[in-house]
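Undergrad: below are the sequence and a predicted model for it; my questions follow.
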Amino acid sequence: MKLIIVEVINAHDLMPKDGEGSASPFVEVDFENQLSRTRTVPKNLNPTWNQKLVFHLDTTKPYHHKTIEVSVYNERRPIHGRNFLGRVIIPCSNIVKEGDEVYQILPLEKKWVFSSVKGEIGLKVYISSESKAKDFSPIFTSELENLSPSITPKQAQENTSLSLTNTTLEFDPGTCEALIQTQTPDTTLTQTPDTTATPREEIEEAYSVSASNYSTEEYQSSNIDFDQEPKIEIKEPDIQISTQQLDKHQVHQQPRISIKKRPQQDNLFTMHSFDPQAQSSHVENYNHNNMDSNMQPRISIKRRPQVHSRYDERFNLKGTNQQPRILVETPRSVSSPPRHNVDHQVHTSNDGDYNLKETNPDIGEKWLNGGRKWMSGGERFTTTHDLVEQMFYLYVRVAKAKDLPPGTITSSCDPYVEVKLGNYRGRTKHFEKKLNPEWNQVFAFSKDRIQASVLEVFVKDKEMVGRDDYLGMVVFDLNEVPTRVPPDSPLAPQWYRLQGLRGEGMVRGDIMLAVWMGTQADEAFSDAWHSDAATVYGEGVYNIRSKVYVSPKLWYLRVNVIEAQDVIPRDRYRLPEVSVKAQLGCQVLRTKICSTRTTTPLWNEDLVFVAAEPFEEQLTITVEDHVQPSKDEVLGKIILPLNLFEKRLDHRPVHSRWFNLEKYGFGVLEGDRRNELKFSSRVHLRICLDGGYHVLDESTLYISDQRPTARQLWKQPIGILEVGILGAKGLLPMKMKDGNGSTDSYCVAKYGQKWIRTRTLLDTFSPKWNEQYTWEVYDPCTVITLGVFDNCHLGGGDKKASNGSPIQDSRIGKVRIRLSTLEANKIYTNSYPLLVLHQHGVKKMGELQLAVRFTTLSIANMFHIYGQPLLPKMHYLQPFTVNQIENLRYQAMSIVAMRLGRAEPPLRKEVVEYMLDVDSNIWSMRRSKANFFRAMSLFSSLITIGRWFDDVCHWKNHITSILVHILFLILLWYPELILPTFFLYMFLIGLWNYRFRPRNPPHMDTKLSWAESVHPDELDEEFDTFPTSRSHDVVRMRYDRLRSVAGRIQTIVGDIATQGERFTSLLSWRDPRGTTIFVLFSFCAAFVLYVTPFRVVALMTGLYHLRHPRFRNKLPCVPSNFFKRLPARIDSLL
């Protein structure tokens, strides 16, 4: 048994309710019908309670879907009653263990639309063991009313047991604990003449989240002596703390603020200081072990920076967790010199930071002026890459050469070109025995890595032995290089005469070059050799380039097998059991065996395949005879190319055709004629390519394209999606290189038929791609998927892993963005967490920085789309079964992966499968739990409405019950107002929720995915192969666990069936007495309802259900008792 501790700290800015501009608030907490309340703070709109309320939690039952309701009320006096001031609903799924709790300030919510609510409440909620229940003693004494919300009486007593020389009370912004240092015990403080108030009034407001006071009672309880009229010295230190935002789950080690002693100054704002020599009659002496009685400590409480809690308006994906943030702000600086040091350090864990972050990149800005002449420009460059940061490159295009001098020995030349810029060298491929070579190769040097002022282009002759010979060179001054930005036309290459290496003038030969300064928007960017990838060689050069891919055009091939004729088996004395097998590539489908043994079988079955253009595979039709359970004999087959078949756009039937089958056979006595080609039979088929369907290659839950295959059926696009892939940060090392961790990352994005792949950036944990891509949008209810991978094919060729299998690119993480959640014409710049689920749990691999903009072309078409079917009409006119959809989707994914894997550079199979979620239908206990709690969260609103109606019926709030009675009577008298009132209520709720709308796109939610609290064995089961590769004991244990879960589901389904059977037994006469009672009741009810107006019946029924608890009985009602006594068919189950 566990305990839930709700520590009610304080509240701010409550709504006045007593008619005098104030209120007497108290807090009532409800958890599973366990009610507990705090004391009442009279006449205070900013009360402080500091009470811990304890509730029992049964951990043997699922509790994550339960909620804790914290309500604030005003206590009315002298007439007993209360007024509602606001409430907060906290889901139990967000409660942490003891030790991880933080102080949260949550805005108070309304219970009704017309409720008058404002203010905030400060809470700490956590789970503790039952053994610690004795430590939670609520604070009821009025002396502790003004305690800081973070300091309990026990903490105050411990923290004031200060040593004489150096006493420290730590301050932690996460837990709001003060840090006080006492360093000069022999100093007596001066008095302020105008301070004559009581000790409670003399304590100045200390630093805490709730801005509550350190009261005199704190020091009384800790045996610190001070005068009844202490002298006050207020000091204001210079504190400079940078503004940071700390999410609740980020803060593992809070900043420690150490405040040192400083000299007094008369002109400074002072805080309270106490003279311990003056002793009050009701205060005990301050005693300490090893302390001289003549030595008096000096305790100085100094002003510290304020911590404000600001509510984060971004909703959690569950819709129930309003998660606050703690904002540490910089206070105003004081003109006095610094008097103490502040050590402000925040240690966060990347693994626990799973939130979406807003970023502010310099996108769409012109390149800064300054630097070299060719690097400056006063004009703003016009470019379509306005969602990424501009990166400048020096481009060198080596086109060709002519009239190169031949070698003196070989009388030939094997030329190649070497481009040198500082320490970077790039070289073209060499040609053998060619004096007029053509390379047409582009080199790109990042301007951030340029450390030279000249560009050197060498032409060399490759030698088999020894050093290569120099044929000549061309030198460019970088100050004279022109700048080119698209959409300007490409810079035309020019002929340059080769120069000698030692200044001997011009030599024989010319080379055609083009040199310019451009950005990543240049057309040559994707195919260029980059200086930051100089270590890549061989085929690996092609694997690091950025490319755009297009998925193959997919068709559904429908084969309608109608019948066959003259099917002659090999054994002429038996009738065949015939079936038809159709094969297209790796896809094999069979019809059922004909129910009657005959030589003219009839099937009329549809077999559906996935085909891709260009049609490379052929359709093979085979007629087989089922001779034995494990043996089928081929009676005939035919091979048909797909170009023969008609393409249809709708559900109209196509013409059927007879196809002659070919068979290789032999007779009993015809051993020498075994290879003779014989005519066997023919088959009747109706085959067509369906272009009215959308071939699903990804799940319909996050589909990116819904257009049919036939382009004639496409509609005009409704918008443009632009995505700027800025970069990533905080990536983890994915492999070892030269004894150090390394990551060679690239990003892949998929939307519709268009795939993009950024270039691979080598050996960096914070890559900057800054590449922008555009897609046409045909439906806003679609999803774009982006994934980050580690490139493991930089050396070229097919590498092998240690176990002999081909090496694969590693997954770093994936992001999905639903376009319908984006506002039109708005740029979203966010940093998305890259989360991957491993066998040991969820892990954050880094963050992906994106800039996304969705532009609508027509608002009318956009609204019209929302009323159209999600898929093309053929999916509804001739729908597929669920099994067919899953099988066809898997085949489509295999074809797409195979075709994209043949591109250059290849988009490998593991990348395509990860982007298309090929394993989304694999059994997972974790996903089952997540889906279960998703379903429970949907019913939570209905449960809440039911509880509210039950409270109304039991008159928990008399005003609410009276208002409901009045509303009921109005709607009963004017029933035509029911529907208008309902829709008006929906309209007002929608307008009210507009101010709380999400400001950022959704992202991967670890809590919703049930990834943070999953059991290790469940993860191991999720990553298991299919069929399983685990031991028999593990499989048996998992099977037993699955049986227990299925047993619960079986019980629930049985209860539902029982209730339904009881309902049907009302008139079935299975229970003659029960049916008799119901029939007589129906007759009497019909008679009464005929003679009684409907409004009277509705009035009596409503008043009966809303009657006061004084007229209620706790026993079940008569209809419920009658219904539960009816028989069900559960008695007949074995």
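TA: Received, thanks.

Undergrad: show me this structure divided up by domain.
TA: 2-132, 392-534, 553-665+678-690, 711-795+807-916, 925-1132 (the TED database).

Undergrad: now the second one, how far from the chain's geometric center?
TA: Meaning domain 392-534. 47 Å (CA atoms, centre = their mean, to the nearest Å).

Undergrad: same question for the last one.
TA: Centre-to-centre, domain 925-1132 and its host chain are 30 Å apart (CA atoms, centre = their mean).

Undergrad: low-confidence ranges, the stretch 301-450 of the chain, go.
TA: 301-352, 364-384, 408-410 (pLDDT under 70).

Undergrad: ok so, going back, Throw the domains of the chain into a markdown table and include distance to residue 357 and mean neighbour count, thanks.
TA: For every residue, glycine as well, the C-beta is placed using N, CA and C. Output for the domains of the chain, formatted as a markdown table (distance: least, CB to CB, whole Å; neighbours: other CB atoms under 10 Å):
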| stretch | distance to residue 357 | mean neighbour count |
| --- | --- | --- |
| domain 2-132 | 19 | 18 |
| domain 392-534 | 24 | 17 |
| domain 553-665+678-690 | 38 | 17 |
| domain 711-795+807-916 | 4 | 18 |
| domain 925-1132 | 9 | 13 |
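
Undergrad: what segments of the stretch 451-600 of the chain are strands?
TA: For the stretch 451-600 of the chain, applying DSSP state E, counting those that start in this stretch gives strands covering 454-461, 469-477, 494-499, 506-519, 529-530, 547-550, 554-565, 578-584, 587-590.

Undergrad: nearest to residue 655, out of these?
TA: strand 554-565 (11.3 Å; CB to CB).

Undergrad: output that closest one in CSV with nothing but the alpha carbons.
TA: Taking Å, rounded to 0.1, in the frame of the first residue of the first chain, the C-alpha atoms of strand 554-565 are listed here in CSV:
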residue,chain,number,x,y,z
LEU,A,554,2.1,1.6,-57.5
TRP,A,555,-1.0,-0.2,-58.9
TYR,A,556,-3.3,-2.7,-57.6
LEU,A,557,-3.5,-5.7,-60.0
ARG,A,558,-6.8,-7.4,-59.6
VAL,A,559,-7.0,-11.0,-61.0
ASN,A,560,-10.5,-12.4,-61.1
VAL,A,561,-10.2,-16.2,-61.5
ILE,A,562,-13.6,-17.2,-62.9
GLU,A,563,-13.4,-20.8,-64.2
ALA,A,564,-11.3,-23.3,-66.1
GLN,A,565,-12.2,-25.9,-68.8
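
Undergrad: partners of it in the sheet?
TA: strand 602-612 (antiparallel), strand 677-690 (antiparallel) (DSSP bridges).

Undergrad: and the closest residue to residue 755 other than its chain neighbours, what's its pLDDT?
TA: Leaving aside its chain neighbours, residue 755 sits nearest to residue 549 (4.0 Å; criterion: CB to CB, 6 or more residues apart in numbering). Note for residue 549: predicted pLDDT of 94.

Undergrad: count the residues that sit near residue 549.
TA: By the measure other CB atoms under 10 Å, the count of residues near residue 549 is 20.

Undergrad: that one and residue 419, how far apart?
TA: Computed as CB to CB, to the nearest Å, the residue 549 to residue 419 distance reads 29 Å.

Undergrad: for residue 1024, same thing?
TA: On the measure of CB to CB, residue 1024 and residue 419 end up 52 Å apart.

Undergrad: do residue 736 as well
TA: Taking CB to CB, one finds residue 736 at 32 Å from residue 419.

Undergrad: got it, and residue 753?
TA: Taking CB to CB, one finds residue 753 at 37 Å from residue 419.

Undergrad: please identify the helix or strand for the residue lying closest to residue 825 once chain neighbours are set aside.
TA: What sits nearest to residue 825 in space, not counting adjacent residues and going by CB to CB, 6+ apart, is residue 855, at 5.6 Å. Taking DSSP states H and E as the definition, residue 855 sits inside strand 841-856.

Undergrad: which helices and strands sit right next to that strand?
TA: Packing partners of strand 841-856 (3 or more CB pairs under 8 Å, 6 or more residues apart in numbering; DSSP states H and E): strand 719-729, strand 783-790, strand 810-818, strand 827-838.

Undergrad: give me the helices and strands touching the second one, please.
TA: Helices and strands in packing contact with strand 783-790 are listed as strand 719-729, strand 745-751, strand 810-818, strand 841-856, helix 909-916; criterion 3+ CB pairs under 8 Å, 6+ apart.

Undergrad: so what strands line up beside that strand?
TA: Short version: by DSSP bridges, strand 783-790 pairs with strand 745-751 (antiparallel), strand 810-818 (antiparallel).

Undergrad: related to what we said a few turns ago, now for the strands paired with strand 554-565, which one comes closest to residue 123?
TA: Nearest of the strands paired with strand 554-565 (CB to CB): strand 602-612, 55.6 Å.

Undergrad: chain center to that closest one, what's the gap?
TA: Centre to centre, stretch against its chain (CA atoms, centre = their mean), the figure for strand 602-612 is 39 Å.

Undergrad: please enumerate residues in contact with it?
TA: The contact list for strand 602-612 (CB atoms under 8 Å, 6 or more residues apart in numbering) reads 552-563, 580, 582, 584, 587, 589, 591-592, 594, 617, 619, 642, 689, 695, 880, 884, 888, 891-892, 895-896, 899.

Undergrad: the next helix-or-strand element following that strand vs strand 602-612, what angle?
TA: For strand 602-612, the succeeding helix or strand toward the C-terminus, using DSSP H and E, is strand 618-628. Angle between the axes of strand 618-628 and strand 602-612 is 140 degrees (criterion: axes from the mean of the first three to the mean of the last three CA atoms, to 10 degrees).

Undergrad: quick one: strands adjacent to strand 618-628?
TA: Note on strand 618-628: by DSSP bridges, its sheet partners are strand 578-584 (antiparallel), strand 631-641 (antiparallel).

Undergrad: what sits up against the helix or strand just after the longest one?
TA: The reference is to strand 631-641. Moving toward the C-terminus from strand 631-641, the next helix or strand (DSSP H and E) is strand 646-648. Contact with strand 646-648 is made by 555, 654-655, 687-692, 710, as judged by CB under 8 Å, 6+ apart.

Undergrad: beta partners of the residue nearest to residue 825?
TA: On the basis of DSSP bridges, residue 855 is bridged to residue 720.

Undergrad: circling back to that earlier point, doesn't residue 903 make contact with the residue nearest to residue 755?
TA: Yes: using CB atoms under 8 Å, residue 549 is in contact with residue 903, at 5.8 Å.

Undergrad: and which of the contacts of strand 646-648 is nearest residue 119?
TA: residue 692 (58.8 Å).

Undergrad: quick one: the closest residue to that closest one other than its chain neighbours from residue 1118, how far?
TA: In this structure, residue 692 finds its nearest non-sequential neighbour in residue 874, 3.6 Å apart by CB to CB, 6+ apart. Per CB to CB, residue 874 is found 55 Å from residue 1118.
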